[in-house]
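Participant: Dropping the sequence and predicted coords here.
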Amino acid sequence: MSILSKLMKSIGWHPVGQSVLLKIDDSVSEEIKGIQIVGMISNLINKNSALITLENPLVINDKVINNCIAICRHDGYDFFWLYFGFIAADLAYVQDSSENKIDDSSLVRFAIASIKTL
């Protein structure tokens with residue numbers, strides 16, 4: 001855990017439950033490139049990734065995405081950094097929703113996004 005994360009926890013701020021704006025900067029799907037989506041951080045998976053529940057589902061290649069995994073793209077910038085500004089993240093969904101475990105082999109990355117709190 002970073003010093004910033006410890007400091008934010010000590011003052012009582014936590015990213016879980018925060019509403020966020022995801023701006024899709026780049027994507028494998030041209031339809032969603034450049035759009036903005038509102039979601040809520042539902043859970044921190046580890047210090048560099050979080051589960052985000054989307055306000056409105058995305059449809060990519062006939063796949064409906066209600067939740068996505070956001071994975072920080074830069075070292076030193078975890079989800080506690082959202083208190084101060086933007087973070088860059090890869091967005092992914094779990095390939096087989098029947099699996100309870102989330103690891104890199106089960107993730108399908110579909111976009112790069114800028115994320116900030118609302």
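Facilitator: Here it is on my side, so go on. Numbering: from 1, shown residues only.
Participant: Look up which residues are beta-bridged to the most centrally placed residue in the chain.
Facilitator: Nearest to the mean C-alpha position of the chain, by Cα atoms, centre = their mean, lies Ala70 at 2.5 Å. Using DSSP bridges, the bridge partners assigned to Ala70 are Ala50, Leu91.
Participant: wait, doesn't it sit right on Leu82?
Facilitator: No - using Cβ atoms under 8 Å, Ala70 is not in contact with Leu82; the gap is 10.4 Å. To be clear about C-beta, it is placed using only N, CA and C from the backbone, and glycine gets the same treatment.
Participant: Need the residues touching each of the two.
Facilitator: Ile115 (Cβ atoms under 8 Å, 6 or more residues apart in numbering).
Participant: Toward the C-terminus from the helix or strand of the chain with the lowest mean pLDDT, list the very next helix or strand.
Facilitator: Scoring the helices and strands of the chain by mean pLDDT, DSSP states H and E places helix 3-10 at the bottom, with a mean of 78. Next in sequence after helix 3-10, counting helices and strands by DSSP states H and E, comes strand 19-27.
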